[in-house]
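> let's see this in three dimensions:
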Amino acid sequence: PSIGISELTKIGKKKYVAGSLVKRSLYFFDLDDTNNIINIEEVKIFERIRDLKFYNNKLYLFLEDTPSVGVIHF
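Next comes the predicted model:
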């Protein structure tokens, strides 16, 4: 079964985040030198994540159920 990825966004040199429509979560992960996924971490948002944007060390979450925008500061 798929987690229903809505968006993949780069947040660092080899760090990424994926938004999920089905699991209603964010997945933070790193890539190693051969581009294999390592250090994956799921963070429950409890809402469908439609889109992600990373700008000025902030991750913007565009949420579907409530229609709202969440912001995570790094």
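
> secondary structure element holding Y16?
Under the criterion DSSP states H and E, the helix or strand holding Y16 is strand 15-20.

> strand partners (parallel or antiparallel) of that strand?
strand 5-10 (antiparallel), strand 25-31 (antiparallel) (DSSP bridges).

> mind checking which of these is nearest Y60?
Nearest to Y60 among these is strand 5-10; the distance by Cβ to Cβ comes to 9.4 Å. For the C-beta atoms, the positions are set from N, CA and C on the backbone; glycine is no exception.

> tell me the buried residues in the closest one?
When neighbours are counted by 16 or more other Cβ atoms under 10 Å, the buried residues of strand 5-10 are found to be S6, E7, T9.

> ditto for stretch 32-52
When neighbours are counted by 16+ other Cβ under 10 Å, the buried residues of stretch 32-52 are found to be I45, E47, R48, I49, L52.

> rewinding a little: mind putting the strands paired with strand 15-20 into TSV with distance to L61 and mean pLDDT?
Compiled in TSV, these are given as follows (distance: least, Cβ to Cβ, whole Å; pLDDT from 0 to 100):
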stretch	distance to L61	mean pLDDT
strand 5-10	9	96
strand 25-31	8	98
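
> now render these as CSV, adding distance to Y60.
Formatted as CSV, those follow (distance: least, Cβ to Cβ, whole Å):
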stretch, distance to Y60
strand 5-10, 9
strand 25-31, 12
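
> give the contact list for I38.
With Cβ atoms under 8 Å, 6 or more residues apart in numbering as the criterion, the residues that contact I38 are F29, D30, L31, D32.

> in which helix or strand does it reside?
Secondary structure assigned from DSSP H and E places I38 in strand 37-44.
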